[in-house]
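Chemist: predicted model and sequence below, questions to follow.
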Amino acid sequence: MKVLKRIINSKYFMVVLWTVLIVTIWEIFAFIVQYTKRTPVNVLPHLSGILESILSTKTINGSQTALQMVLVNAGATLSRAGIGFLIGTALGFVLALLMNLSGTVEKVAFPYLMLIQMIPVLGMAPIILALTGDIGTSRTVIAAILTFYPVATNTLAGFKGVQKEKHELMYSYAASKFQVYVKTLIPACLPSFFTGMKIAAPMAVTASILVDTLQGGIGLGCLLSQSLKGAMTRYVFWQIVLLSAIVGILSFVLIGAIEKKVCPYNQKTKG
Amino acid sequence: MAGMLAAAMLVSLAGCNSEGSSSSSGSSSESSSASTSAEDMTDEERIISAAQAGKIGNWGLGNEYEVQALLTKYGQPTDYVSMDFTMDQFDQDVITLASAMTYNELGLVQNDYEGGYGYGDSVGIIDMNDEGVAMLEDMIFCTKTFAKENPNTVRAFVSASLKGWAYACENPEEAAEIVYAAGSSVSSDHQAYMASEVKKLCETDTKGNTVTNYGNIDDEAMQQTLDLAKQYIKLSDSAANEKLQSMTLDDIRDASYLTGELGTPEKTDVSIQLKWLPQAQFMGYYVAEAKGYYDEVGLNVTIIPGGGDIGETTAVNNGTVDFGVTWVANLISANASGMDLVNVAQVYQRSGLVLVYKK
Amino acid sequence: MDVKKLKSRLASVTAVLYPLLFGVVLIALWQSQILHKLLNTTTLILPLPTRILSVIKDNLPAIAADTWATVSVILPGLVLGSIIGYLLAVFATNSPRFGATGLTIIAAISAIPTVALAAVILQWTRDVSTDVDVRSYVMKLIIVTVVSVASMTLNAYRGLTELKPFALDLMKSYAAGKMTVLLKLRMPNSLPYIFTSLKVSVPACVIAALVSEYFAEKITGVGRRIRECILQAQYSTAWAYIVTACVIGIVLFAVLMASEKVVMRRRNS
């Protein structure tokens, strides 16, 4: 009984519970699909099938197995997404800072920041390609463009959310503007900044995969369309879907961990 | 007419039920009369019934004109259902008459190797060439400015590429392996199938006659392509539309680079952007590269795979790449919008597009 | 008092004036092709504003139909997704252990790229209806909904949990129940966060709707037209639709900002 209680109270019990829940739902539907569709793998395969394809040593092209292929392409895409995300985050933070410093900057820039997000990648891509002259760089740039907005919006909201009392207290201490920022505003906006990052991180991955499809070559996006169109086992597609979900979880957990490290004091206020 | 429609509806219903293996035997015995009439249907009846049911599929995005011409030919509206990357819609009977390229999707539908659907001989096809609505597809193009400034490069590139095509068509199996080794991720089985089908497209014209001079620009077929393009490419931009309607063959093709003495290339490092991912559809270029044909004429060629949303026409027009492989209809609409592209070698002599149906 | 009023009126005027001025400068640079030189591009790839406008003018009915097709996916999807997202956040707040772990799952689902998600949803909605119109609509709606859920859940959860210090203790000292805490403390506290979330999810939903149209079986919508035109190198028409997409986004955003102002003012007063 005590052991059971300890298991239930353990940190990882909920993770396991969720995993079991999702796997069960997935498998129920996979069974339904299995008996109603001619080609069930295309609609919803069993998780065991995906696992099998991950472990399979059969080569898909001349040299790589399904997993190797997915990982090599994922490496290319994720590194682009990572760089794009870092650039986008840095830009987003700086812009939020500038917008908070100057009302004029905010008024001018904010609507256009939003506007840039609205321009579909397809319209932007040929221009950025012509500008950078290299498809790899273009992909990184577009990933950055698509990620900095959530960071900027959330960080700005964080700045604005700082309580007036805190602000006034600092002024009463005759703190300089710089001091106000470093001591109160920036620490106070960090939680919002991290929420922005949490939203932006998956966006960077999504954007990076989307821009892969702008031109052929190496990348998850290319592999994705190949796995659907080409004569390739459909499991490659499912591996990509699974992998991107896992990357999403990892990015979320990672940023959460960094957040805890950077601003532990924030945890106390959580009710 | 009504009876036929009813029959068509019954067939499609039977199709829906036959997804599960157990139910298919039951439904086929019940509606045996309907399914035999489906097999006896003429192509015209097939097209009309599928069009009426809204079950004709195409990818759109510039690939739809032949199908629309076919629909017009049989007095049907030109609407179609958009197909995704896969043939799943056909497999699941969402579409009964699906677009397929003979060398790619048709192979996937028929064959049972990895990624295939394994329908074998239980599917039939309606060929655009036979229906007289063929439009020419894969060809080599560059900008007119590039061709004018680098005539020797263009001539050398065309000559070496076509030598590659000739070798590939003579040895399709070897060509398939070369493409496979060059980094295709399409399985070697499908690659071999594709090579054997592409060979047919390179060596037969729209009327079924054998062609021996690879890359030949057949003006009659080209004119038919242009005429159909003028009729079915719908451009919202009035300026572009005017340009399209006044376009002549001289605006889109130049056969002079197919012949003539080779000189010293003005530009030796050139690149070619394919229309799609590396596969035997483009085996000629990979063979020319692997066999050293490009080296022989003094060219250093980079093959850039396509398959993306930045079209090959845009890439060539931007100067990001020197040559491209595209379909004639795509070049026509690109030129209508103000690009300056020219077809220098027509690699495929007939249309590879068919409509596939379950018998 | 009057000075204050004047100041706030001035602020609201400049809030419109500054971006407008910037826009005018931008369009002037664009029309005079200085922008093209800066971006190293041609009028073919980035057509002049006058050309784009003339295409829009010539094709107004068609563009209106496509706009409606797109907006009719975005709005219900956004509303539905945000409601689901908020409910999930409430659930996560009330059962911190089970629900909070679920947040990670939501984040993971939102990390599945729209392109892959569209391909999957397309498969799963094939049996929804034999009517292509219905099937396509459901598919697009689901994609937009899924995209808007994550942003709302993550933001609303923060709004519901990050309370002012001692506020919760105060409520507890009043012996307030869980429900009262939720209604009187947590929900009002989450209001600004809802707007932050929407500011992110409105553009995201517009993009998601456009991408979902690439895959939809029914050929309609602003996104589909943009892709069609780009692939056929019809850049002036493509830009006419890109401008349309931007207008959709701006209008939605303006409505959002206006309602934020109204709601927040009422809340503060």
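Modeler: Okay, I see it.
Chemist: can you name the residues that contact the closest residue to chain C within chain A?
Modeler: Taking CB to the nearest CB as the measure, chain A has A:G248 as its residue closest to chain C, at 2.1 Å. For the C-beta atoms, the positions are set from N, CA and C on the backbone; glycine is no exception. Taking CB atoms under 8 Å, 6 or more residues apart in numbering or on different chains, we find A:G248 in contact with A:201-202, A:205, C:107-112.
Chemist: list the buried residues of the helix or strand harbouring it.
Modeler: Using DSSP states H and E, A:G248 maps to helix A:235-262. Neighbour-count burial for helix A:235-262 flags A:235-245, A:247-249, A:251-252, A:255-256, A:259 (criterion: 16 or more other CB atoms under 10 Å in any protein chain shown).
Chemist: cool, stretch C:157-170 as well?
Modeler: Residues C:157-163, C:167-168 are the ones in stretch C:157-170 that count as buried (16+ other CB under 10 Å).
Chemist: the helix holding A:G248 - what's its average pLDDT?
Modeler: The pLDDT scores in helix A:235-262 average 84.
Chemist: now do stretch A:105-119
Modeler: Mean predicted lDDT for stretch A:105-119 stands at 80.
Chemist: near chain C at all, it?
Modeler: Yes: applying CB under 8 Å from any CB of the partner chain, one finds stretch A:105-119 touching chain C at A:107-108, A:110-112, A:114-115, A:117-119.
Chemist: would you mind measuring from B:A255 to A:I135?
Modeler: Going from B:A255 to A:I135 by CB to CB, to the nearest Å gives 32 Å.
Chemist: compare those two (neighbour count), which wins?
Modeler: More crowded of B:A255 and A:I135, by other CB atoms under 10 Å in any protein chain shown: A:I135, with 22 against 17.
Chemist: quick check: closest non-adjacent residue to the more buried one.
Modeler: A:Q215 (4.9 Å; CB to CB, 6 or more residues apart in numbering or on different chains).
Chemist: that neighbour: how many residues sit nearby?
Modeler: 28.
Chemist: residue contacts, it?
Modeler: A:135, B:304-308, B:310, B:315.
Chemist: same question, A:A144
Modeler: A:A144 neighbours (CB under 8 Å, 6+ apart): A:83-85, A:87-88, A:91.
Chemist: do you know how far it is from B:M135?
Modeler: In terms of CB to CB, A:A144 sits 41 Å off from B:M135.
Chemist: just B:D250 next, same as before
Modeler: Distance of B:D250 to B:M135, computed by CB to CB: 18 Å.
Chemist: and what of B:E312?
Modeler: 17 Å.
Chemist: which of the two has more neighbours?
Modeler: Ranked by neighbour count (other CB under 10 Å), B:E312 and B:M135 place B:E312 first, with 31 against 26.
Chemist: per-residue confidence for that one?
Modeler: At B:E312, pLDDT is 88.
Chemist: count the residues that sit near C:A204.
Modeler: 26.
Chemist: tell me the mean pLDDT for the strand or helix carrying it?
Modeler: Using DSSP H and E, C:A204 maps to helix C:187-215. Across helix C:187-215, pLDDT averages out at 88.
Chemist: can that helix be found next to chain A?
Modeler: Yes: for helix C:187-215 and chain A, the contact criterion (CB under 8 Å from any CB) is met by C:192-193, C:196, C:199-200, C:203-204, C:206-207, C:210-211.
Chemist: could you measure from the residue most central in space within chain A over to A:T147?
Modeler: Residue closest to the mean C-alpha point of chain A, counted by CA atoms, centre = their mean, is A:P202 at 1.5 Å. As judged by CB to CB, A:P202 and A:T147 stand 10 Å apart.
Chemist: swap in A:D134?
Modeler: 20 Å.
Chemist: which one of those two is surrounded by more residues?
Modeler: Neighbour count, other CB under 10 Å: between A:D134 and A:T147, A:T147 has more, with 31 against 12.
Chemist: check what pLDDT B:S33 gets.
Modeler: The model's pLDDT for B:S33 equals 41.
Chemist: pLDDT score for the residue nearest to A:I135?
Modeler: According to the model, A:Q215 scores 71 on pLDDT.
Chemist: if I look at it, how far off is C:I230?
Modeler: Counting by CB to CB - A:Q215 and C:I230 are separated by 13 Å.
Chemist: can you check which residues contact both of those two?
Modeler: Shared contacts of A:Q215 and C:I230, counting by CB under 8 Å, 6+ apart, come down to B:I310.
Chemist: in stretch C:115-134, what's buried?
Modeler: Neighbour count says stretch C:115-134 has C:115-123, C:125-126, C:130, C:132 buried, by 16+ other CB under 10 Å.
Chemist: from those, which ones fall inside helices?
Modeler: C:115-123, C:132 (DSSP state H).
Chemist: and those, which two are the farthest apart?
Modeler: Using CB to CB, these span at most 22.4 Å, a distance reached by C:A116 and C:V132.
Chemist: please put the alpha-carbon coordinates of stretch B:103-111 into PDB.
Modeler: Taking C-alpha atoms only, stretch B:103-111 is exported to PDB below (Å, rounded to 0.1, in the frame of the first residue of the first chain):
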ATOM      1  CA  TYR B 103       6.200   6.600 -64.700                       C
ATOM      2  CA  ASN B 104       5.300   7.400 -61.100                       C
ATOM      3  CA  GLU B 105       1.800   7.200 -59.600                       C
ATOM      4  CA  LEU B 106       0.600   4.600 -62.000                       C
ATOM      5  CA  GLY B 107       3.400   2.400 -61.000                       C
ATOM      6  CA  LEU B 108       2.600   2.900 -57.300                       C
ATOM      7  CA  VAL B 109      -1.000   2.100 -57.900                       C
ATOM      8  CA  GLN B 110      -0.200  -1.100 -59.800                       C
ATOM      9  CA  ASN B 111       2.900  -2.500 -58.200                       C
END
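Chemist: is there proximity between it and chain A?
Modeler: Yes: Stretch B:103-111 reaches chain A (CB under 8 Å from any CB) through B:104, B:107-108.
Chemist: again, but for stretch B:282-300
Modeler: No: Stretch B:282-300 stays clear of chain A (CB under 8 Å from any CB), getting no nearer than 11.1 Å.
Chemist: the residue lying closest to A:V262 once chain neighbours are set aside: which element?
Modeler: In space, and not counting its chain neighbours, A:V262 is closest to A:L190: 6.3 Å by CB to CB, 6+ apart. A:L190 is part of helix A:186-212 when elements are defined by DSSP H and E.
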